[in-house]
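K.L.:
What would the 3D arrangement of this be:
(chains A and B)
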2 protein chains.
Amino acid sequence: MFVDILIEKIKEKDNPSVVGLDPKIEYVPSFIKEDMYKEHGKNSKGVAQAILLFNKYIIDAVYDIVPAVKPQLAYYEMYGLEGMKAFYETCKYAKEKGLLVIADGKRNDIGSTAQCYSSAYLGKTDIDEGISESVFDADALTVNPYLGVDGIKPFIDDCIKYNKGIFVLVKTSNKSSGQLQDLLTQEGRSIYEVVAEYVESWGASVKGKYGYSSVGAVVGATYPNQAKILRKILKSSYILVPGYGAQGGTARDVVHSFNYDGLGAIVNASRSIMCAYKSEQWKDLYSEEKFYEASRAEAIRMRDDINGALHNTK
Amino acid sequence: MFVDILIEKIKEKDNPSVVGLDPKIEYVPSFIKEDMYKEHGKNSKGVAQAILLFNKYIIDAVYDIVPAVKPQLAYYEMYGLEGMKAFYETCKYAKEKGLLVIADGKRNDIGSTAQCYSSAYLGKTDIDEGISESVFDADALTVNPYLGVDGIKPFIDDCIKYNKGIFVLVKTSNKSSGQLQDLLTQEGRSIYEVVAEYVESWGASVKGKYGYSSVGAVVGATYPNQAKILRKILKSSYILVPGYGAQGGTARDVVHSFNYDGLGAIVNASRSIMCAYKSEQWKDLYSEEKFYEASRAEAIRMRDDINGALHNTK
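P.N.:
This is a model prediction of the structure:
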């Protein structure tokens, strides 16, 4: 079951954090860019190959210390077919290194169409009688709840069938998330609370041996007060926490998404790890050529930062 | 401006309907499947090429009578890279035939990431100083509003810059859409009404010469009562209406999404047109080899059905 494997990897590495792979081309050191432009041209193929190589360096630098990576689909789709190829290769490489892959695609549609997305990212696609193919074959996918349960059910069915997971958007990390998510219903509950209750119930059929479900939730680090409320509603859901680091969330903010056993949440950082070599903290210690060592140092600092905050408060 | 071009094409063809291209492989006639399997193998490439050829037949059969097509991204993503190539080629072919292309992807994310999706489907992707590439280059994209305005703004900016459009999910056609969208706020308004008000305000900066905006809304044909309410709130938004035909929406249901001038809405049908050759109505008139003639007959019937209902009630 996905959630059990996730928990075991978190325990094994003593690290409840995820490296986000949202690689803008301006994050990529120039020696990689130049090599790839020379080989493939200064075009979407050259960029996609540069991003893929950049990702591989980062994966090599962190695979023994983090349980999972989270590639953000938009950053690959923007380079079209070449980008999607780089996404596929990134997922494949990360899995070969023993990492779980959480595809951040926030997919959503009516049931029959949601099934297609689920086949693409979690399950398998039927080709013809008796023939099916794994497509992107991630371990988990982020999904958007706006269409209600029949847009979510196909993903849950594949979570059961293929040992996969989903993380449903509940309270997102961006500034305007409250426009819809914070609206109060007539019962005085916010939309994010109502969605959290749905998520908790949707996960009932996918619970693993540690009491958590493979139907998780996304709750931004930038909203610690809401996280406190949501941790109580989402009794058995694992929470994926974006917004740590570059978006402003701190270790003290993210502890609210964890339970007292130190489980229940996994914290993502993207830019702060990918661009560690450009940061005030690491730029004097690591050259651009050793950017991946800066990423590793930052991933270790993040792990210790979160674990420290957890030990102090839980 | 996208909405002006859409209106002009609707007027020119006297047809406010869209052909959805959500091609399941079981829709594709066996002579196409067998040819493509023989040429490319019984694998994702064979299927994707069969779907592409099927789409081209349908486009050839309807391009002179409909203003737009709406390929559903999930049905291409499920075949991975080969599927995305078929999506790209489908969009390209439809545009060459003078059709508008509405990519149905329901994309959504925080602002910086939404910008990547917008570059992929509406705008251009920056490669390097002074170099940018059009990627999938659709004319419009469906988007999901759960993250609020800062996840929508990048798309609107590209609508202005590149003459493109978006359709924001307001009230979707599926059964469980009410779980979230029908919740009542403390002011007694439903979530879909609140979202409709946002959509109306988001479109203020993208209004064309007919008074409509390039920021449209999605309102399912399966909810005619909600459509009546939403038509009033969405004063200047064009409404994309899914759910006609196979999902159960009728011409009488969809008229509520139109204004008295016969404008303001565009109705999508997918399965009923793509699979017309298998339907009770057409299967005795058209053989499988002439499936595209059945699709054309059904597209004409649908046009006349909607226009008839519009003339009777508006």
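
K.L.:
pLDDT below threshold where in the stretch 151-300 of chain A?
P.N.:
Counting by pLDDT under 70, not a single residue of the stretch 151-300 of chain A qualifies.

K.L.:
just so I have it, where are all the strands in it?
P.N.:
A:165-171, A:213-219, A:237-241, A:265-269 (DSSP state E, counting those that start in this stretch).

K.L.:
My guess is A:Ile102 contacts A:Val66. True?
P.N.:
No - assessed by C-beta atoms under 8 Å, A:Ile102 is found out of contact with A:Val66, at 11.5 Å. Using the backbone N, CA and C atoms, a C-beta is placed for each residue, glycine as well.

K.L.:
what sits against the residue nearest the centre of chain A?
P.N.:
The centroid of chain A falls nearest to A:Lys70 when counting by C-alpha atoms, centre = their mean (3.7 Å). By C-beta atoms under 8 Å, 6 or more residues apart in numbering or on different chains, the contact list for A:Lys70 reads A:18-21, A:101-104, A:240, A:268, A:270.

K.L.:
That one looks like it's in a helix, true?
P.N.:
No - under DSSP: H, G, I helix; E, B strand; the rest coil, A:Lys70 sits outside any helix and is assigned strand.

K.L.:
Distance check, it against chain B.
P.N.:
A:Lys70 sits at a distance of 12 Å from chain B (criterion: C-beta to the nearest C-beta, to the nearest Å).

K.L.:
Which residue, other than its chain neighbours, is closest to A:Glu89?
P.N.:
Distance criterion C-beta to C-beta, 6 or more residues apart in numbering or on different chains; nearest residue to A:Glu89, sequence neighbours excluded, is A:Leu52 at 5.4 Å.

K.L.:
Quick one: end-to-end distance for stretch A:180-193.
P.N.:
12 Å (C-alpha to C-alpha, to the nearest Å).

K.L.:
Need the residues that contact it.
P.N.:
Contacts for stretch A:180-193 (C-beta under 8 Å, 6+ apart): A:170-172, A:194-195, A:226, A:229-230, A:233, B:145-148, B:180, B:183-186, B:188, B:191, B:194-195, B:198.

K.L.:
and the residue in the stretch 1-150 of chain A positioned nearest to chain B, what pLDDT?
P.N.:
When scored by C-beta to the nearest C-beta, the stretch 1-150 of chain A has A:Gly148 as its residue closest to chain B, at 3.3 Å. A:Gly148 carries a pLDDT value of 97.

K.L.:
Run a quick neighbour tally on it.
P.N.:
Other residues within reach of A:Gly148, judged by other C-beta atoms under 10 Å in any protein chain shown, total 22.

K.L.:
can you tell me which residues contact it?
P.N.:
Contacts for A:Gly148 (C-beta under 8 Å, 6+ apart) come out as A:198, B:174, B:176-181.

K.L.:
Greatest separation within those residues: which pair is it?
P.N.:
The distance between the two most remote of the contacts of A:Gly148 (C-beta to C-beta) is 14.7 Å, for A:Tyr198 and B:Asn174.

K.L.:
which of those two has more neighbours?
P.N.:
Comparing A:Tyr198 with B:Asn174 by neighbour count (other C-beta under 10 Å), the higher total belongs to B:Asn174, at 25 against 20.

K.L.:
Just give the closest residue to that one, not the sequence neighbours.
P.N.:
A:Ile110 (4.0 Å).

K.L.:
Let me know the pLDDT of that neighbour.
P.N.:
97.

K.L.:
That one against B:Leu169, yeah?
P.N.:
No - counting by C-beta under 8 Å, B:Leu169 is not a contact partner of A:Ile110; they are 10.6 Å apart.

K.L.:
what is in contact with these two at once?
P.N.:
With contacts defined as C-beta under 8 Å, 6+ apart, the residues adjacent to both A:Ile110 and B:Leu169 are A:Leu147.

K.L.:
Farthest out from the centre of chain A, which residue is that? Tell me.
P.N.:
A:Glu129 (33.9 Å).

K.L.:
List the contacts of that residue.
P.N.:
Listed by C-beta under 8 Å, 6+ apart, the contact set of A:Glu129 is empty.

K.L.:
Now do it against B:Ile25, distance only.
P.N.:
A:Glu129 is 11 Å from B:Ile25, where distance means C-beta to C-beta, to the nearest Å.

K.L.:
and if you look at A:Phe31?
P.N.:
Per C-beta to C-beta, A:Phe31 is found 45 Å from B:Ile25.

K.L.:
Give the buried residues for the longest helix along chain A.
P.N.:
When chain A is parsed with DSSP state H, its longest helix is helix A:291-313. Of the residues in helix A:291-313, A:291-299, A:302-303, A:305-307, A:309-310 count as buried by neighbour count, 16 or more other C-beta atoms under 10 Å in any protein chain shown.
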